[in-house]
Each structure stands twice: as structure tokens, then as C-alpha cells.
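Participant: Pasting a predicted model and its sequence here:
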Amino acid sequence: MTSTPVIDVERLNLSYGDFHAVKDLSFQVRKGELYALLGTNGAGKTSTLETVEGHRAATSGTVRVFGQSPRDRRSVRPRMGIMLQESGFSPDLTVKESVRMIGTLSRRRDRVERVLDVVDLTHKAGTKVSQLSGGEKRRLDFATAVYGKPELIFLDEPTTGLDIQSRDALWDAVDKLREDGSTIVLTTHYLEEAQARADRVGLMHKGAFHQEGTVAELTRTLPAVIRFSLPAGAPALPLRAARESDGRVLIESFGLQETLYALLDWAHANGLELRELEAGPTRLDDVFRAIGDD
Ligand SMILES: Nc1ncnc2c1ncn2[C@@H]1O[C@H](COP(=O)(O)OP(=O)(O)OP(=O)(O)O)[C@@H](O)[C@H]1O
């Protein structure tokens, strides 16, 4: 039996006065998935998520979370952890008091010490929020998502301002939550993080999905890219190529391996070095760039 999706959005519309911000949007997130809701600025991601989180009423359409309306806060809210871009902890509270407050507000059970350990703030337990660095504040925000290991977790730009060690630690913690069965909804402008971790991506533009699917499904629509520099006076290339503004050669290919064979054969036969050679599959960045202004 296929279980009820954790999130089920059907023909969601959101308007601000005359402005139609979200247009007939439908998507589902299944149990255990990491779903990345991505998009251009102003695409409608925040508006959509606020509705799914129960903070905003839909203009029309239906939103179900665990099969219920997210506006039914008493039953749905304790099951979701929301890491906002800023949690707004009181600056006068200590880190430990803030984490304890998450427990009171969320009505989930956990040990404050365990949560402090997960977000690596044990050594700052007695420090006031106002005295934390930007990265430490962000890790405290992350505690709202981790506390009580909720079934559904929203991560809004979770790694902004974090150094590489803290980023890795955050993703390790997310991986552990997923092993325990949590479902994750991620928004981020760090596309490489979504590329590496999302099971599926909903890519929004101007209130609707431009594309939705796995990363492979999204990137398959664009060719892979090969870049390199050639010495002056090199013979003409045997493949269709363009020149980038910095003079590097750019070749696009839907058959990366075959094209590379042809290119390397040609370079070898002509005794040429392809300097700064890069070749790789299309990335989510490229899919974003291809959205254009349509
Ligand atoms: N309270 C509001 N009143 C009027 N318009 C709004 C309001 N909130 C959002 N909008 C508009 O709705 C559109 C969608 O905004 P939203 O914040 O959902 O986009 P987003 O995808 O989260 O954007 P970003 O990546 O820039 O944060 C934007 O054009 C925005 O200007």
C-alpha cells in the first residue's frame, strides 16, 4: 500500500491583493524524501512554504500535511520542525534556555544536552544569544529543526553563514534524522547542496513549476559542458565549439564520453595540450541559468 504523502499540495493559489504570487501549484512530498523547493527570486517559494507550514491561508486549492490541514496547528505543528531564516530567539536568553524553550513551544520531547551536542553548542550553553557569532546563531536556529527529531523538517537556507565544518556537521545531522525516517523540505540558493542531497527538486519560476523531478531528470534536459584553452595557432577543431569571453573554448554535448574521445584523439594527433580542461555533467546552476526571463 502506498502511504499517504507527508505533504500534498493541490492546485494551490496565493494572491496578495491583485498580485497572483502562486499559480495552481501541485506537488507531493513522500515519507523519507528530501524535497528541495528551489527557484528564482520572487518565484513564490516562501509563500508556498508558509502555507504548508500553516502560517498562511491558501487563496484557493488544498494543502494537506500528514493528511490534515496544516491550519490545524494543535495536531500538525508538534510533528514538524521549522528552521526559519531567523528564529528570533530573545537576545537575553542563554543558548541552553533558548533550546529549552524550543521544547516548550514545540511540545516535543528531547534532552536539551543531546540537542546542544547535535548543533555543537554545548560549550556555549551559558552564553547569551546576543553574544553568539552569526554561524553559532544559525546552529541555534537549526536546533528548532532537530529538537525531538520531528517527522517533518523544513530547512530554509540552513547553511547560510556557516563555515565548511559546520555545514558538514549540519548535513551529517540531517542524514541521521533521515535514517530515523524524517522527511525534509529544503530551500536554498546553494544549488550544489540541493544537487548532492535532494531526492526530488521543484524548481519554481513566477509562481509555478518550471520543472519538477529528480536532479538527473532536470539536468538531462541540458547538454554536458567541456571547457579548455588552446594555444594560439592551433588547427581548427573537429567539433562545434563556441568561445567564451575569457577566450576559453566551450563545447556542449549530450554524449559526453564520445565527444571527449573525439576531442582527446584530435589533441593527441596534433600534439596539443588542452589547458585547464574541465568536463562535467550539467549542474542545477545551468538549469537555473537556462530559465531565462520567460
Ligand atoms: N505580503 C506580501 N504582499 C504583497 N506581495 C508579496 C507579499 N509577500 C510576497 N509577495 C510577492 O509575492 C511574490 C513571491 O514572493 P515569495 O517571498 O514567496 O518568493 P520567494 O520565491 O520566496 O523569493 P526569494 O527567493 O526572493 O526569497 C514576490 O513577487 C513578492 O514580491
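Facilitator: Sure, I can see it. Residues are numbered from 1 along each chain as shown.
Participant: quick one: contacts of the longest helix along the chain?
Facilitator: If you go by DSSP state H, the chain has its longest helix at helix 164-179. Residues from elsewhere that reach helix 164-179 (CB atoms under 8 Å, 6 or more residues apart in numbering): 32, 34, 118-120, 135, 138-139, 142, 146, 149, 153, 155, 158-159, 162, 184, 193, 197. C-beta here means a position set from N, CA and C on the backbone, and glycine is covered the same way.
Participant: Report the buried residues of that helix.
Facilitator: By neighbour count on 16 or more other CB atoms under 10 Å, the buried set for helix 164-179 is 166-167, 169-170, 173-174, 177-178.
Participant: picking that back up, show me the contacts of helix 164-179 that map onto strands.
Facilitator: Counting by DSSP state E, those place 34, 153, 155, 184 in strands.
Participant: nearest to residue 84, of these?
Facilitator: Closest to residue 84 out of the ones in strands among the contacts of helix 164-179 is residue 155 (9.6 Å), distances taken as CB to CB.
Participant: what residues are up against that closest one?
Facilitator: Counting by CB under 8 Å, 6+ apart, residue 155 has contacts 83, 145, 174, 184-188.
Participant: Among those, which one has the most neighbours?
Facilitator: Compared across the contacts of residue 155, residue 145 has the highest neighbour count, 30 neighbours, by other CB atoms under 10 Å.
Participant: Okay, residue 170 and the ligand: tell me how far apart.
Facilitator: Remark: distance between residue 170 and the ligand (CB to the nearest ligand atom, to the nearest Å) = 20 Å.
Participant: From residue 164, how far off is that residue?
Facilitator: Residue 170 is 11 Å from residue 164, where distance means CB to CB, to the nearest Å.
Participant: now swap in residue 105 and tell me
Facilitator: From residue 105 to residue 164 the distance is 31 Å (CB to CB).
Participant: How about residue 214?
Facilitator: From residue 214 to residue 164 the distance is 26 Å (CB to CB).
Participant: what do you get for residue 181?
Facilitator: Taken as CB to CB, the span from residue 181 to residue 164 is 28 Å.
Participant: quick one, what contacts residue 244?
Facilitator: Going by CB under 8 Å, 6+ apart, residue 244 touches 227, 250.
Participant: Repeat that for residue 49.
Facilitator: For residue 49, the contacting residues are 37, 154, 156, 185, 187, by CB under 8 Å, 6+ apart.
Participant: how about a cut-off of 7 Å?
Facilitator: Contact partners of residue 49, counting by CB atoms under 7 Å, 6 or more residues apart in numbering, are 37, 154, 187.
Participant: need the residues of the stretch 101-250 of the chain near the ligand, please.
Facilitator: Proximity of the stretch 101-250 of the chain to the ligand, by CB under 6 Å from any ligand atom, involves no residues.
Participant: Show me the helices in the stretch 101-250 of the chain, by range?
Facilitator: Assigned by DSSP state H, counting those that start in this stretch, the helices in the stretch 101-250 of the chain fall at 112-118, 134-146, 164-179, 191-197, 215-219.
Participant: Tell me if I'm right that residue 280 and residue 226 touch.
Facilitator: No - between residue 280 and residue 226 there is no contact under CB atoms under 7 Å: 8.3 Å.
Participant: Mean confidence (pLDDT) on stretch 235-250, please.
Facilitator: For stretch 235-250, mean pLDDT rounds to 91.
Participant: Which parts of that stretch count as buried, going by neighbours?
Facilitator: Judged by neighbour count using 16+ other CB under 10 Å, the buried positions of stretch 235-250 are 241, 248-249.
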